[in-house]
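Visitor: let me see the structure of the following:
(chains A and B)
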Number of protein chains: 2
Amino acid sequence: MSDILIRNCRPMGGAPADIHIADGRIRAIGPDLAAKTAAVEDAGGRIAFPGLVEAHTHLDKSLIGWPWHENTVGGASLMAMIDNERETKKRLGLDPHVQSMRHALQTVAYGATLIRSHVDIDTDAGLRALEGVRETAEKLAGIVDIETVAFPQSGLTIRPGTDRLMDAAMAMGADLVGGLDPCGVDRDPKGHLDILFGLAEKHGKGIDIHLHERGDLGAFSLDLILDRAEALSMTGLITISHAFCLGMPDQARVAGLVERLARLDARIMTTAPTSSPAPAVVQLQAAGIKIGAGNDGIRDTWGPYGNGDMLERAKFVGLRNNLRKDSEVAMALHICSGGGALAMGREEKRLAVGAEGDLVLVEGESLAHAVVTHAPRTLVVKAGRVTARGGKTLMTAP
Amino acid sequence: MSDILIRNCRPMGGAPADIHIADGRIRAIGPDLAAKTAAVEDAGGRIAFPGLVEAHTHLDKSLIGWPWHENTVGGASLMAMIDNERETKKRLGLDPHVQSMRHALQTVAYGATLIRSHVDIDTDAGLRALEGVRETAEKLAGIVDIETVAFPQSGLTIRPGTDRLMDAAMAMGADLVGGLDPCGVDRDPKGHLDILFGLAEKHGKGIDIHLHERGDLGAFSLDLILDRAEALSMTGLITISHAFCLGMPDQARVAGLVERLARLDARIMTTAPTSSPAPAVVQLQAAGIKIGAGNDGIRDTWGPYGNGDMLERAKFVGLRNNLRKDSEVAMALHICSGGGALAMGREEKRLAVGAEGDLVLVEGESLAHAVVTHAPRTLVVKAGRVTARGGKTLMTAP
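Guide: Residues are numbered from 1 along each chain as shown, chains lettered A, B, ... in the order given. The predicted structure follows:
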């Protein structure tokens, strides 16, 4: 295992210190640590924070490395966008392994050490996307941890055979059962959710479900999800991604849902969207709910935005939630690093003796300054191993 | 006047061409233009678009160049933030000329050739901010055009004497009368608006009023504004900045307001905010309303965000309005360049023979690619004169 000494960094923007990582964990933080056998990296007074956590993305979808894809579909119809994606991926012959390598390594270059990726499972492509992303996860072992969610992007009950593919995906080793807008896509919430929870029970896994449904519709679906989770005692095993309905104006309705979520230790993953209602992170955290964040798909058939940078995503979390104080901006960063790991049911990433040896170095006067400028990362370390330097990963993407 | 030939650029991301600018205007666009006496700049195939337009900012507020300002006030109370700003500016002894030079030149480095700045007028600082920003406008003549709006940030009727200072500001040469949340700040909408419209009539100037008031309250204030504008036949002379109320859910109420705005040729300036309701740019443009955009204040006592980059702001306009098609992303850019100039009552900036000789060069595969990555600007030209190169202005800030 690696043994590395980071000299003269400023942990969380505070006073200068050295950080010693050995056997994958932080062993010491303090002034003038002895180098002994460790490789030494001079941080030059840069800010250090824990490895970033991309808790909601789609590694199999990005068109990174392809010529610019002109989007002519827009955002008017969800089903049109879903169909357009499936057809475009087929037409281009997109290789999920190659695309996920490119996307994951770009995310690592920005400082991520942990990724949760939803992966499309459908009757056109079968399990190819999952195979490709799992191959990427294996190749990037030690560089970034990648979890996979079997995701029925094109619908479950409306595309017969998808349920058997989802079962096969779980048997193949997907880490979580995914789902999508039980009313909006399948138009059969009971049918959709019964399949998801059946799979979760059978394979002993958690659920991470996309819930874009807004207002009362989303609240209805969320209640249905929580009913099943309570009945099956799935405490800590439910994740709601997006959860736009928690941004609805009816505060009493939201409070009731938040209470149920908290009681079940359910997790929320947000992208801090700019054109949708969104969960209010301050209120959710106050209720004890663990929150992660993600960039969602980047530069794909859904739209041209995004780059995989979870530090820029922290800026979006700040902007979306009107976080102006430095202490609040630090909270936004936590959601995109240590807090995201907690929301994924993992150990919290933090700069403390005994914690995982993941860290990122970046320019900045203060932690908030680093977030709002999301300046280039100068060094990324995963379990004591340098994975990226000067904004480039040491491993090159295919 | 300058005479310059831009070789091998891609106007609006299209086919390669040369652009010849002389005597401040574009004289020719086409392949293999003769250089003759012109200075030649090789664009290396980069994308060219018109000069960017910062249509809503506060040049007198930024803390650029100062050590990091820790924000401990947050966004809870508008009046607390207003008071905090006035007191902090006094305590630091902030020089409005120096700060506006830094802010304006940073905005130029990102490609702006036109700025509208609101400038605080209050009974503590008097006209000092306006004097400082006007000095900056003079020093930067030929580099960037700067308009000023006399802005009663601390209130008008609640701070006696402010009306006389506003009058003096207009007499000193402020370009527009500014205003702020007639209900929310002064808590006297009639009193506030009667003063603004009185000043506008007396000085023969337009009005650009900040309207953050949401929902029905904002709609009420907006109706009061439009009543007065109609009575005074101020067609084309009213600008509503922010106009959060146009993002209210009551679509019939919004439609009525939009119809009135369109009839008066009133203009909307948006920041495409992420934590507030916002005007829907597609629907407003369809109604014929001219829209500009701005970064608002950047890195000031209000919050740590922002950098003056109107190309990044175009990305925010796209994200906020769910613009995914390439053609829609191009519309977002137009709002941040030529369209913003139109909304300011100026000539549209565009890459066409006869138009103003303002342009920006940037890397990118396509126009949408340039917007979503807001890559570094390699060259900025204002009326045929190079103002910034490689992301740095030729004039250095104090």
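
Visitor: mind checking how far stretch A:86-97 is from the chain centre?
Guide: On the basis of Cα atoms, centre = their mean, to the nearest Å, stretch A:86-97 sits 23 Å off its chain's mean C-alpha point.

Visitor: just the CA atoms of it, as PDB, please.
Guide: The C-alpha coordinates for stretch A:86-97 follow below in PDB (Å, rounded to 0.1, in the frame of the first residue of the first chain):
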ATOM      1  CA  ARG A  86     -31.900   4.600 -26.900                       C
ATOM      2  CA  GLU A  87     -32.000   5.100 -30.600                       C
ATOM      3  CA  THR A  88     -29.000   7.400 -30.700                       C
ATOM      4  CA  LYS A  89     -26.900   5.000 -28.600                       C
ATOM      5  CA  LYS A  90     -27.800   2.200 -31.000                       C
ATOM      6  CA  ARG A  91     -27.100   4.300 -34.100                       C
ATOM      7  CA  LEU A  92     -23.700   5.500 -32.900                       C
ATOM      8  CA  GLY A  93     -22.700   2.100 -31.500                       C
ATOM      9  CA  LEU A  94     -21.700   3.700 -28.200                       C
ATOM     10  CA  ASP A  95     -19.500   1.400 -26.200                       C
ATOM     11  CA  PRO A  96     -20.500   1.700 -22.500                       C
ATOM     12  CA  HIS A  97     -17.100   0.500 -21.300                       C
END
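
Visitor: in it, what's buried?
Guide: The neighbour-count check on stretch A:86-97 (16 or more other Cβ atoms under 10 Å in any protein chain shown) flags A:R86, A:T88, A:K89, A:L94, A:P96, A:H97 as buried. For glycine as for every other residue, the C-beta is placed from the backbone atoms N, C-alpha and C.

Visitor: I'd assumed the second one was in a helix, is it?
Guide: Pointing back at A:T88 there. Yes: A:T88: assigned to a helix according to DSSP: H, G, I helix; E, B strand; the rest coil.

Visitor: from A:A150, how far off is it?
Guide: Note on A:T88: its distance to A:A150, by Cβ to Cβ, to the nearest Å, is 21 Å.

Visitor: so, low pLDDT: which residues of chain A?
Guide: Applying pLDDT under 70 to chain A flags the ranges A:1.

Visitor: and the longest helix for it?
Guide: The residue-count maximum for a helix in chain A (DSSP state H) belongs to helix A:215-231.

Visitor: name every strand pairing with the next helix or strand after that one and say which way it goes.
Guide: Per DSSP states H and E, helix A:215-231 leads on to strand A:238-241 as the next helix or strand towards the C-terminus. Using DSSP bridges, strand A:238-241 pairs in its sheet with strand A:206-210 (parallel), strand A:267-270 (parallel).

Visitor: looking at the ones you listed, which is buried most?
Guide: Mean neighbours per residue, mean count of other Cβ atoms under 10 Å in any protein chain shown, is largest over those for strand A:267-270, with a mean of 27.

Visitor: is the helix or strand following it up against chain B anywhere?
Guide: Sequence-wise, the next helix or strand downstream of strand A:267-270 (DSSP H and E) is helix A:281-286. No: Helix A:281-286 stays clear of chain B (Cβ under 8 Å from any Cβ of the partner chain), getting no nearer than 10.3 Å.

Visitor: need the nearest residue in space to A:A280, chain neighbours excluded.
Guide: Nearest non-adjacent residue to A:A280, counting by Cβ to Cβ, 6 or more residues apart in numbering or on different chains: A:N321, 6.4 Å away.

Visitor: could you give the number of residues near the one you found?
Guide: Per other Cβ atoms under 10 Å in any protein chain shown, the neighbour tally for A:N321 reads 24.

Visitor: so who does it touch?
Guide: A:A272, A:A280, A:V281, A:V282, A:E328, A:A332, B:S275 (Cβ atoms under 8 Å, 6 or more residues apart in numbering or on different chains).

Visitor: now those as TSV including neighbour count and distance to A:A43?
Guide: Output for the contacts of A:N321, formatted as TSV (neighbours: other Cβ atoms under 10 Å in any protein chain shown; distance: Cβ to Cβ, whole Å):
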residue	neighbour count	distance to A:A43
A:A272	25	29
A:A280	19	35
A:V281	24	30
A:V282	14	32
A:E328	21	26
A:A332	27	23
B:S275	17	34
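
Visitor: from those, which is closest to A:P376?
Guide: Nearest to A:P376 among those, counting by Cβ to Cβ, is A:A332 at 19.4 Å.

Visitor: surely A:T271 touches A:H58?
Guide: No: using Cβ atoms under 8 Å, A:T271 is not in contact with A:H58; the gap is 11.3 Å.

Visitor: looking at those two, which has the bigger crowd around it?
Guide: Each of A:T271 and A:H58 has its neighbours counted (other Cβ under 10 Å); A:H58 has more, 26 against 22.

Visitor: ok, that one - contacts?
Guide: Contacts of A:H58 (Cβ under 8 Å, 6+ apart): A:S117, A:H118, A:V119, A:D120, A:F151, A:D296, A:G297, A:D300.

Visitor: neighbours of the last one, how many?
Guide: Going back to what we said before, that points to A:D300. 24.

Visitor: again with the first one
Guide: In terms of burial, A:S117 registers 29 neighbours under the definition other Cβ under 10 Å.

Visitor: heading C-terminal from the helix or strand hosting it, find the next helix or strand.
Guide: Secondary structure from DSSP H and E places A:S117 in strand A:112-120. For strand A:112-120, the following helix or strand on the C-terminal side (DSSP H and E) is helix A:128-139.
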